[in-house]
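S.K.: have a look; sequence and predicted model below, questions after that.
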There are 2 protein chains.
Amino acid sequence: MMLNTYPRDTRFHQSVDQSSMNCWVKFIYTYFPIVTWLPKYSWHYLQCDVIAGVTVGLMVLPQGLAYASIARLPNNYGLYSSFLGGFVYCVFGTAKDITIGPTAILSLMVQTYSIPHCGDLAVLFSFYVGIILLFMGIFRLGFLVRFVSVPVISAFSSAAAITIACGQLKDLLGIEHLHRDFIGNLHDVFSKAGDWNFYDLGYGIVCIIILILMRLLSKLTWDERMHIVKIYFYKCLWLCGIARNALIVFISCIIIYVLDFKKLNEFTVIDDVKSGLPDIKPPEFTDIRCGNTTLDFVDTLSQFNSGLLVVPMLAFIEAIAIGKAFSRVNGYKVQPTQELIAIGLANTLNSFVSGYPVTGSFSRTAVNSQSGVKTPLAGIFTGCIVMLAIQFLTKMFQYIPKACLGAIIISALIMMIDIKIIRSMWRVKKIDLFPYTVTFFGCFYSLDVGLLLGISCSLVIVLYPILVPFIDIETKDVCVIRIKDNLYYTGIEHVINKVENIIDQSNPPIVILLDMIGVNIIDYTVAIEIHELLKQMETRRPTTELLVTNVSFGVKRVLIMAGLHHIITSPENVSERFEDSHRLLYD
Amino acid sequence: MMLNTYPRDTRFHQSVDQSSMNCWVKFIYTYFPIVTWLPKYSWHYLQCDVIAGVTVGLMVLPQGLAYASIARLPNNYGLYSSFLGGFVYCVFGTAKDITIGPTAILSLMVQTYSIPHCGDLAVLFSFYVGIILLFMGIFRLGFLVRFVSVPVISAFSSAAAITIACGQLKDLLGIEHLHRDFIGNLHDVFSKAGDWNFYDLGYGIVCIIILILMRLLSKLTWDERMHIVKIYFYKCLWLCGIARNALIVFISCIIIYVLDFKKLNEFTVIDDVKSGLPDIKPPEFTDIRCGNTTLDFVDTLSQFNSGLLVVPMLAFIEAIAIGKAFSRVNGYKVQPTQELIAIGLANTLNSFVSGYPVTGSFSRTAVNSQSGVKTPLAGIFTGCIVMLAIQFLTKMFQYIPKACLGAIIISALIMMIDIKIIRSMWRVKKIDLFPYTVTFFGCFYSLDVGLLLGISCSLVIVLYPILVPFIDIETKDVCVIRIKDNLYYTGIEHVINKVENIIDQSNPPIVILLDMIGVNIIDYTVAIEIHELLKQMETRRPTTELLVTNVSFGVKRVLIMAGLHHIITSPENVSERFEDSHRLLYD
C-alpha cells in the first residue's frame, strides 16, 4: 500500500503528560486538540498542508455537486456542506488525515429521511444529527457502535452503493421524476425507456471508463532512485489521477460550452447553481415549506423518524472507521469521544450555513493522507477552495452535464462494493454470512430496517451461548459436565436440564461433576438454581452426588456465600476418589 | 418441608418409549398428556383426587370472590374464572399438582390493563392472552422467560403484593371510588379518612389475625406412630388450616345474617353475586360497553397495549415456576411447551364462559399437593365444587363482608413478600441488587415498566463482558493478555485497545501473547481486527511480535482460515523461548 511510503516524521499528537495540569488546562487539552499541535507548527507543515488541502479541494468540488444529486437536493447544497467541516475539524478533530464533508451514504440517508428538493429540511436534519452526535460525545455513548459488526457494515455499504448507483441511472439516462425507493426507481427507469437520452447515456459511459482508467494513475509510486524528470512526470500523472473528477468536470464544461455556442448541445446539464456564499443563519425549525406543504416542528420530527438514530450512528461509524484505519497506518491515536464532539459540532454549525449532514469521507481522507497532510489545518485550505468556487465558479457549473456527475458517483461506488468479503466469510466463519445476507437484502427494502435487522442478527449469535452455554458431557465413573461459557441466569436452565436428564437415567452415575472451567462469574439466580437442584436430587436421587470443580475466585465466593461450600471440590480430590477418571478429566 | 412426607408411590407420567410409535400416536402423546395417565387410573387414585379436588374447591371459592375485587370486577367473574381451567388442564397439563385459576398477580394485571367493572373487556383480554400463550407454545417461544431472573421475579412479586394490599385498604376501610394507581390510591385513602368505616376496619383486622393463626394449623405434621385419635384430631386441625378462608367466609356470613336479621349490621357487604352458571358464548370483540363509552376493536387493543406482552409472560412464569417447584419435589417432569399450550387453551376457553385471565396458583397448588393429589383429574372435582357454588350458594354470598375478603387477600400476600432475599443477594452477589431495586421501585410507577426495566438491567449485566471481556495482563519478558471470556465483535475493540496501549509504551515487550484460555468461539470481525492490528504493528512496532496461544479447536479453525496460522503457537513453544516466563504463564 502506498500510504506506507510516507515517512512518519511527525508524531501527530504526541501525548502530553496531563497528570500535572490543573483541570482547566486539562479540559482545554481534551476538548480542543488543536492546542496540542498548533504550538509546534512549522513552515514545512504549512507547505504540506496547503498542497494536501488544495488537492482535496479539487476533489470535493465535483463530489459535493454530485452527492447533492444523490440527496435529491439542489447542487449548491453539496458545496455549502463542504467547507465549514474542515474549519471545525481543525479545532476539534484528533486525526490529521480525516476530511469532513458530504459522503455518498449520508447523502443517500438524507434522500431517505428528507423530502426531495427541500433544502431547509435537510439543513434542519443536519442540525439535529449534530446535536445527537454531540450528546453521544458528552455522555460517552460512542461504545454503542461496537454493536455494529464488520459483516453488517460491509453489507450495508454494498447495498447502499447499489441503491445509489441505481438512483444515478436517472442522470445517466436523462430522465426525471422517479420513485425514491429501490424497486420503484428501477421500475420507473424501464417504464420510461422511451424518454432515455442516449447522448447522456453514451457520455456517461465514456466518463465512467475514463475515470476508472485514471484511477489507476493515482496508484503510481515512485522512489528517490528514479530520474528527477521521471519523478516529476509520475507526480503529474498521479495528480491527474487524484484530481480526475475535477479534470473530467472541467473538460466536460468546455465541451458543453462549445456545443452550446454552436447550438448543438443534446446533453442534459445540471440545474443552475446559485452563486455566492450562503447566508449565516440558524436553520428553520418550524414552517418549513416543501413544495406545496408546510411542515411544523412535529411534522419535521415525524419525517426524520428513525433517521435521528440511524444517521448519527452511520456518521460516527464512517468517521471512526476511517480515523482508525489511517491512524493505525500513520502512527497516532484517534479519540472516539472527541471525534463524536468534532463531527457533532461540524454538523450543527454546518446547518447555520445551509449544509446537510456530513462526516469523514473515505476517498478524500485517503487522498489527503497520500498528499502528505501534516495537521488538520489542511481542512481550512480545502474549505477556502470550496468557498472561492462558490463565489466565483458557479457560472461555469451551469455547463456541467448531469451524466458526468452520475459517472463520478458510479465510479466512486466501485470502492464501496466488496465482493471478496463473502468468500472470506465463507472460509473463515460461515455463520457471519447470516447477518451479512439479512443486512444486504433488508437494505433494499429500507436502509434503516436492513441495518437494524443486521445488528439484531449479530446480537442473536452473540446471545446464543448466553441462553445455551457450550458444555461437554463425558461419563465414566463420574459424569463430567464441562461448562465452557459464562453461566448467567439465562443459561442455567440449560445446564440444569442436562443434569436432570442424567439423574433420570436408569443407572445414574455416583458423582456428577460440574467442571466450571470456562466460568468467570455466576449470578444470584445460578446459585439459587443449583441450590434447588441439590434439594431435588436429595429427594429423587439420594445416591448421586453433585460436585463443582475448577471454580474461579469469583465463582467460589458466590457459591460459599450461597451456602454451597460443601459441593466445591478441587480437581485433585476428584481424581483421588476416582483414579480411573483421572485420565478422563485431564486428557 | 411437609410436602416431602407424601411417599412418591406414583410415578406420574412415566416416560413412554416414543421411538416405535407412528407420528399420529406420537402427536397425541405429546399434545394430550391425559393419554399417558388415564389408562393407568385406579380407584385409589380417584379417592385421593376427590379429596384434593374438593379441598382446593373450598379454597378457590373465597379466593375467586376476593381476587375479582383486586381486578375491580363484579365478584361473580372470579367464580366464572375458576372452574373451566381444571377441566382443560386435566386433558392438556403435564404437572399433576398445578391448579389453574385466578391469581392475585394476574388479577392485578387485569385491573391495570382493563377498565374497572367492565367484565366484557376482561373476558376479551383472557381470549387474547390465551391465543398469545398458544402461539408461544406452538412456536416454542417458552425460552423467552429465561430472560427473567430470580431477583426480577422476586422484586416484582413483592411490589405487586404491596400494591394489591394497598388496593385492598378500600375494602378494609369501607370506602369507594379510589384511583387505580399506587400513589393516587394511597392519597385517596387518607384524604377520605372521614369516610372510614371503623366496623369494617376492626372486623378486617380480626380476620387477618385469625387467618394468620389458622395458617399455622396448615403446617401441622403427624406420623403413623401417633395415637389414631391424635392423628384424626391433627388431620381435622390441618383441614381447618387449609380451608381457613372458606371457614372464615362461612362464619362471617352467619354473623352478618344474624346482624341483618336484627337490623344491626354496620358492615359493608359485597355486591350481589349473580346466580347461575354463565352462558357459553364467544367474547365480544367489538362494541364493548364500559360505563358510558363503547369500545371498538382498535380501542380494545390500545387499551390492552403492552399487557398483551406482559400478561402472557407473567402467566407462563407463574405456571412454570410452580410446575418446576412441585415437579422437582414429587419426581416428575413438566414440559414447558405443553404447559404453554395448556394454559393458553385454558385462557382462550375461559373467555367463552366469562372468565378473566388465569394461570397456576401457588397457594392452591401447594394445598393440592399436600392433599395427596395423584393426577390432574382433581381439577375436575374442583371445577364441580365451583359450579355447584355458582348455581346454589350465591344467595349466601350476599352476606359476605368486604372486609373479610380484604383480610383473605392481605393474609395471602404475606407469602408473596420475600425480605430475606435482599440479605441473601447482598451476601451472595451484590450486583443482583441492582435489577432487584430497579424492578421493585419501577413497579410502583407501573408494573410493566418495572418488569421491563428489571429485565433490561439484568441483560446489561450479562452483556457487559461481551462489550468488555474480562482480561488479565501480566508483563515480564512476554506480555501475557489472558482473555477469560468469549471474544465477539462487540468485545474485540477492548482487547485491541489494551494491545495498543502496550505497544505505545516507551519500552514495549518483545512478544505480546494473547492467551485465549476462556475463548470458545471468535467471529469474522475478530479475525479481521486481529489482521488489522498485525498490519499496524508491522508499521509502528516492527520489534514486537503478536502471538496467540491456548486456542480451542474452533478458534484455531477461524484463525487459520483468516490466514493467521503464523501467529498461533503452543504454550510449550512460548515457554521454551522464554524460560523465565514459564512460571508466569502456568502458575
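M.R.: Sure thing, it's come through.

S.K.: flag the shaky bits of the stretch 251-400 of chain A, pLDDT-wise.
M.R.: Within the stretch 251-400 of chain A, not a single segment meets pLDDT under 70.

S.K.: could you redo the last one with a cut-off of 90?
M.R.: A:260-276, A:284-307, A:309-310, A:317-318, A:320-337, A:361-372, A:393-400 (pLDDT under 90).

S.K.: what are the ranges of the strands in it?
M.R.: A:288-290, A:293-295, A:359-360 (DSSP state E, counting those that start in this stretch).

S.K.: show me which residues of the second one are buried.
M.R.: For strand A:293-295, burial by neighbour count (16 or more other CB atoms under 10 Å in any protein chain shown) applies to residue A:295. The C-beta positions use only the backbone N, C-alpha and C, and glycine is treated the same way.

S.K.: hmm, back to that, tabulate the strands of the stretch 251-400 of chain A (JSON lines), appending distance to residue A:517.
M.R.: Formatted as JSON lines, those follow (distance: least, CB to CB, whole Å):
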{"stretch": "strand A:288-290", "distance to residue A:517": "61"}
{"stretch": "strand A:293-295", "distance to residue A:517": "60"}
{"stretch": "strand A:359-360", "distance to residue A:517": "44"}
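
S.K.: against residue A:96, how distant is residue A:504?
M.R.: 66 Å (CB to CB, to the nearest Å).

S.K.: neighbour count: these two, which is higher?
M.R.: residue A:96 (26 against 13; other CB atoms under 10 Å in any protein chain shown).

S.K.: the more buried one should be in a strand, yeah?
M.R.: No. Going by DSSP: H, G, I helix; E, B strand; the rest coil, the assignment for residue A:96 is coil, not a strand.

S.K.: and it, how far from residue A:60?
M.R.: 17 Å.

S.K.: and chain B, which of the strands of the stretch 251-400 of chain A is closest to it?
M.R.: strand A:359-360 (17.4 Å; CB to the nearest CB).

S.K.: against which helices or strands is the closest one packed?
M.R.: If contacts are counted by 3 or more CB pairs under 8 Å, 6 or more residues apart in numbering or on different chains; DSSP states H and E, strand A:359-360 sits against helix A:307-330.

S.K.: next, the buried residues of the helix it packs on.
M.R.: A:307, A:310-330.

S.K.: do it and chain B meet?
M.R.: Yes. Judged by CB under 8 Å from any CB of the partner chain, helix A:307-330 and chain B are in contact via A:325, A:328, A:329.

S.K.: with respect to residue A:481, which of those is nearest?
M.R.: residue A:328 (42.8 Å; CB to CB).

S.K.: circling back: out of the residues of helix A:307-330 next to chain B, which is nearest to residue A:221?
M.R.: Of the residues of helix A:307-330 next to chain B, the one sitting nearest to residue A:221 (CB to CB) turns out to be residue A:329, at 15.4 Å.

S.K.: which residues touch the closest residue to residue A:295 other than its chain neighbours?
M.R.: Nearest non-adjacent residue to residue A:295, counting by CB to CB, 6 or more residues apart in numbering or on different chains: residue A:288, 4.6 Å away. Contact analysis of residue A:288 by CB atoms under 8 Å, 6 or more residues apart in numbering or on different chains lists A:118, A:120, A:121, A:124, A:294, A:295, A:300.

S.K.: how about the helices in the stretch 51-200 of chain A?
M.R.: A:76-92, A:104-113, A:119-138, A:150-173, A:182-191, A:198-217 (DSSP state H, counting those that start in this stretch).

S.K.: which one of the ones you listed has the lowest average pLDDT?
M.R.: Looking over those, mean pLDDT reaches its minimum on helix A:182-191, with a mean of 82.

S.K.: mind giving me the packing neighbours of it?
M.R.: Using 3+ CB pairs under 8 Å, 6+ apart, helix A:182-191 is in contact with helix A:150-173.

S.K.: starting at the chain centroid, how far to the helix it packs on?
M.R.: 15 Å (CA atoms, centre = their mean, to the nearest Å).

S.K.: the inter-axis angle of that helix versus helix A:198-217?
M.R.: Relative orientation of helix A:150-173 versus helix A:198-217 (axes from the mean of the first three to the mean of the last three CA atoms, to 10 degrees): 140 degrees.

S.K.: helix A:150-173 and chain B in contact?
M.R.: Yes. For helix A:150-173, a contact with chain B is found by CB under 8 Å from any CB, at A:150, A:151.

S.K.: can I get stretch A:98-109 as CSV, trimmed to CA atoms?
M.R.: In CSV, the C-alpha atoms belonging to stretch A:98-109 read as follows (Å, rounded to 0.1, in the frame of the first residue of the first chain):
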residue,chain,number,x,y,z
ILE,A,98,-9.7,12.9,8.2
THR,A,99,-11.6,15.4,5.9
ILE,A,100,-15.2,16.2,6.8
GLY,A,101,-17.8,16.7,4.1
PRO,A,102,-20.7,15.2,2.3
THR,A,103,-20.5,11.4,1.6
ALA,A,104,-22.4,9.1,-0.6
ILE,A,105,-24.0,7.2,2.3
LEU,A,106,-25.1,10.2,4.3
SER,A,107,-26.4,11.8,1.1
LEU,A,108,-28.5,8.6,0.5
MET,A,109,-29.7,8.8,4.1
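
S.K.: buried stuff in it?
M.R.: A:98, A:99, A:100, A:101, A:102, A:103, A:104, A:105, A:106, A:107, A:108, A:109.

S.K.: and stretch A:443-455, by the same measure?
M.R.: Neighbour-count burial for stretch A:443-455 [16+ other CB under 10 Å]: A:443, A:444, A:447, A:448, A:450, A:451, A:452, A:453, A:454, A:455.

S.K.: just put the buried residues of stretch A:98-109 in JSON lines and tack on distance to residue A:336.
M.R.: Compiled in JSON lines, the buried residues of stretch A:98-109 are given as follows (distance: CB to CB, whole Å):
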{"residue": "A:98", "distance to residue A:336": "12"}
{"residue": "A:99", "distance to residue A:336": "18"}
{"residue": "A:100", "distance to residue A:336": "16"}
{"residue": "A:101", "distance to residue A:336": "20"}
{"residue": "A:102", "distance to residue A:336": "22"}
{"residue": "A:103", "distance to residue A:336": "18"}
{"residue": "A:104", "distance to residue A:336": "23"}
{"residue": "A:105", "distance to residue A:336": "19"}
{"residue": "A:106", "distance to residue A:336": "18"}
{"residue": "A:107", "distance to residue A:336": "24"}
{"residue": "A:108", "distance to residue A:336": "24"}
{"residue": "A:109", "distance to residue A:336": "21"}
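
S.K.: quick check: the farthest pair among those residues?
M.R.: Across the buried residues of stretch A:98-109 (CB to CB), the longest gap, 20.4 Å, separates A:98 and A:108.

S.K.: residues in contact with the residue nearest to residue A:455 when sequence neighbours are not counted?
M.R.: Once flanking residues are discounted, residue A:455 sits nearest to residue A:147: 5.6 Å by CB to CB, 6+ apart. The contact partners of residue A:147, taken as CB under 8 Å, 6+ apart, are A:455, A:458, A:459, B:490.

S.K.: narrow the residues you listed to those in helices?
M.R.: A:455, A:458, A:459 (DSSP state H).

S.K.: quick one: the last one and chain B, what's the gap?
M.R.: Plainly put, residue A:459 is 8 Å away from chain B if you go by CB to the nearest CB, to the nearest Å.

S.K.: any idea how far that residue is from residue A:453?
M.R.: Residue A:459 is 11 Å from residue A:453, by CB to CB.

S.K.: what about residue A:179, neighbour count?
M.R.: By other CB under 10 Å, neighbour count at residue A:179 equals 12.

S.K.: dihedrals phi and psi, it?
M.R.: Here is the backbone geometry of residue A:179 (degrees, to the nearest 10): phi -60, psi 160.

S.K.: swap in residue A:550?
M.R.: phi 60, psi 40.

S.K.: what's the answer for residue A:560, then?
M.R.: phi -60, psi -40.

S.K.: contact partners for it?
M.R.: residue A:568.

S.K.: next one, pLDDT for it please.
M.R.: 90.

S.K.: how many neighbouring residues does residue A:218 have?
M.R.: 18.
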